[in-house]
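Student: Here you go, sequence then predicted model.
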Amino acid sequence: MIIPAKRVNEIQEYYFSRKLKEVAQLNAKGEDIISLAIGSPDMPPSKKTIDKLCEVAQQSNAHGYQPTSGIPELRKAMAGFYKRTYHVDFDWATEVQPIIGSKEGIMYATLAFCNPGDEVLIPDPGYPTYTAINKIFGTKIINYNLCEDKGWQPDFDELEKMDLSRVKLMWTNYPNMPTGGNARMDIYERLVAFAKKHEIVVVNDNPYSLILNDTPMSIMQVPGAKDCCIEFNSMSKSHNMPGWRVAMIMSNKQYISWMFKVQSNIENGSFRGIQLAAAEALETNTEEWHRVNNIENYRRRRVIAEEIMKTLGCSYDPKQVGMFLWGKIPEEYNDVEELTERVLHQAKVFITPGFIFGNNGKRYIRISLCAKDDKMQEALKRIKNEFKK
């Protein structure tokens, strides 16, 4: 009898993969579910980005395999993006690595730095893929707490009390998903000092810094961070390109080379047209473009999401940033799914229960801002009608 590898039993199907099947079945029955769950921007990339893709796609010599390392035009554009946005210098030839997404980056970093049995610090709450990939590769997961009363920032006193002797990587994510806790330079400075003291590599996942955030930051702005840190960034959220699959790893030459050795055995470079279009977006999308095409839309939607939170009786921090709104459910509910399942099946709106992000998310919900204004208004109307009963 054939049985699967043990790792298959260590993980579950990704929550959104499973739940979206249920939503699709409900829609097939005519339910017309409004999804406020996924962080997939519904707005298009810039016209110049799309035009560049179409231009390159017409070229007969553009369709061959591309270097896994990424074409020079894209690497230079990524380095330029970091220089303009965060005022940090990277050598485009050795300290920048294009990848197709953060999930893949998490895999490359884990394989490059960790042996089975090594320990990895993962935030709770945090992006579920940090946990899933480490389960797949047999590393030992050590959760560290993020709590509302500390602004969803690491508790360094708690961290220092842990046995860190076998820890190889520490995953951080600021601006934080799912909580909207913003990046803070004092925390970045403490993370760099913590990494050096304990000989741990800190990997900061940073795709949300341009979304409803007045002060974009990078951990790489801290002096010496490049020696002990890695940062992921992505064009999915900031440039409205989630389906294009363009992201980047920024670090020192040695770390990049180790991760690239893994990457080169797993994938080839993406289509040349996508790479050149991504470079176009990084180089030509102005602050005005980001304001008109991202920020103003998300700001309007955020107001509606806050009304949804109030209707549901949830409390939230108005200072949170990013493309989601994170709120704490009322005490009257035994668990978060008691609320989210009522919203789904009675109000016909799909919102995310916080338990999927970890134990510290069990009494929270997350609302995505990635839906048209009219859809969000309709969702608010449905929820108001249901919760007046």
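Tutor: Perfect, I can see it now. These numbers come from a predicted model, not from an experiment.
Student: ok, residue 367 - contacts?
Tutor: Residues near residue 367 by CB atoms under 8 Å, 6 or more residues apart in numbering: 36, 305, 308, 309, 324, 325, 327, 351, 352. All C-beta spots, glycine's among them, are computed from the backbone N, C-alpha and C.
Student: Closest to residue 66 out of these?
Tutor: Nearest to residue 66 among those: residue 324, at 33.3 Å, using CB to CB.
Student: Tell me how far the nearest residue to the closest one once chain neighbours are set aside lies from residue 341.
Tutor: Of all residues not flanking residue 324 in the chain, residue 366 sits nearest, at 5.1 Å (CB to CB, 6 or more residues apart in numbering). Remark: distance between residue 366 and residue 341 (CB to CB, to the nearest Å) = 15 Å.
Student: Pick out whichever of those two has more residues nearby.
Tutor: Taking other CB atoms under 10 Å, residue 366 and residue 341 do not tie; residue 366 has more neighbours (25 against 12).
Student: could you dump the helix or strand containing the more buried one to PDB, C-alpha only?
Tutor: Element membership for residue 366 (DSSP states H and E) is strand 364-368. Extracted in PDB, the C-alpha atoms of strand 364-368 (Å, rounded to 0.1, in the frame of the first residue of the first chain):
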ATOM      1  CA  TYR A 364      -9.500  38.500  15.700                       C
ATOM      2  CA  ILE A 365     -10.800  38.900  12.100                       C
ATOM      3  CA  ARG A 366      -9.100  40.400   9.100                       C
ATOM      4  CA  ILE A 367     -10.900  42.300   6.300                       C
ATOM      5  CA  SER A 368      -9.200  42.800   3.000                       C
END
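Student: Tell me the secondary structure at residue 171.
Tutor: Here residue 171 is strand, with the state taken from DSSP: H, G, I helix; E, B strand; the rest coil.
Student: what ranges do the strands span in the stretch 1-150 of the chain?
Tutor: 34-35, 96-99, 119-124, 140-145 (DSSP state E, counting those that start in this stretch).
Student: Enumerate every residue touching residue 126.
Tutor: 146, 171, 173, 357, 358.
Student: Report the beta-bridge partners for the second one.
Tutor: Read it as residue 171. residue 203 (DSSP bridges).
Student: and the gap between it and residue 225?
Tutor: Residue 171 is 15 Å from residue 225, by CB to CB.
Student: these two touch, right, residue 252 and residue 227?
Tutor: Yes: counting by CB atoms under 8 Å, residue 252 does reach residue 227; the two are 6.3 Å apart.
Student: So between those two, which is more surrounded?
Tutor: residue 252 (17 against 14).
Student: Please tell me I have it right and residue 67 contacts residue 269.
Tutor: Yes: counting by CB under 8 Å, residue 67 touches residue 269, with 5.0 Å between them.
Student: So for the two, which sits in the more crowded spot?
Tutor: The residue with more neighbours, out of residue 67 and residue 269, is residue 269; 19 against 13, by other CB under 10 Å.
Student: Helices along the stretch 101-250 of the chain, start to end?
Tutor: Applying DSSP state H, counting those that start in this stretch to the stretch 101-250 of the chain gives helices spanning 102-113, 128-137, 156-160, 185-198, 235-238.
Student: can you pull the pLDDT of residue 82?
Tutor: Predicted confidence (pLDDT) for residue 82: 98.
Student: Report how many residues lie close to it.
Tutor: There are 23 residues near residue 82, going by other CB under 10 Å.
Student: Give me the sheet partners of the strand holding residue 366 and which way each runs.
Tutor: Sheet pairing for strand 364-368, using DSSP bridges, gives strand 324-328 (antiparallel), strand 352-353 (antiparallel).
Student: would CSV of those strands with mean pLDDT and mean neighbour count be doable?
Tutor: Putting these into CSV (pLDDT from 0 to 100; neighbours: other CB atoms under 10 Å) gives the following:
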stretch, mean pLDDT, mean neighbour count
strand 324-328, 98, 25
strand 352-353, 95, 26
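Student: Let me have those in JSON lines, extended by distance to residue 301.
Tutor: Output for those, formatted as JSON lines (distance: least, CB to CB, whole Å):
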{"stretch": "strand 324-328", "distance to residue 301": "9"}
{"stretch": "strand 352-353", "distance to residue 301": "16"}
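Student: Just tell me which of those ends up closest to residue 28.
Tutor: strand 352-353 (21.6 Å).
Student: chain center to that closest one: distance?
Tutor: Its chain's average C-alpha position is 16 Å from that of strand 352-353, according to CA atoms, centre = their mean, to the nearest Å.
Student: again, but for stretch 353-372
Tutor: Between the centre of stretch 353-372 and the centre of its chain there are 13 Å (CA atoms, centre = their mean).
Student: Just the endpoints, please. Distance across that stretch?
Tutor: One end of stretch 353-372 to the other measures 21 Å (CA to CA, to the nearest Å).
Student: Return the set of buried residues in it.
Tutor: Along stretch 353-372, these residues count as buried under the neighbour rule (16 or more other CB atoms under 10 Å): 353-358, 360-371.
Student: and what of stretch 240-251?
Tutor: 240, 241, 242, 244, 245, 246, 247, 248, 249, 250, 251.
Student: Max pairwise distance over those residues: which two?
Tutor: 240 and 251 (26.0 Å).
Student: distance of residue 337 from residue 82?
Tutor: 40 Å.
Student: Could you do residue 205 as well?
Tutor: For residue 205, the distance to residue 82 - CB to CB - is 15 Å.
Student: just residue 294 next, same as before
Tutor: Plainly put, residue 294 is 19 Å away from residue 82 if you go by CB to CB.
Student: what sits against the residue nearest to the spatial centre of the chain?
Tutor: For the chain, residue 207 is the residue whose C-alpha lies nearest the centre (CA atoms, centre = their mean; 5.6 Å). Counting by CB under 8 Å, 6+ apart, residue 207 touches 102, 232, 233, 234, 236, 237, 238, 247.
Student: Start and end of stretch 144-159, how far apart?
Tutor: End-to-end distance for stretch 144-159: 7 Å, by CA to CA.
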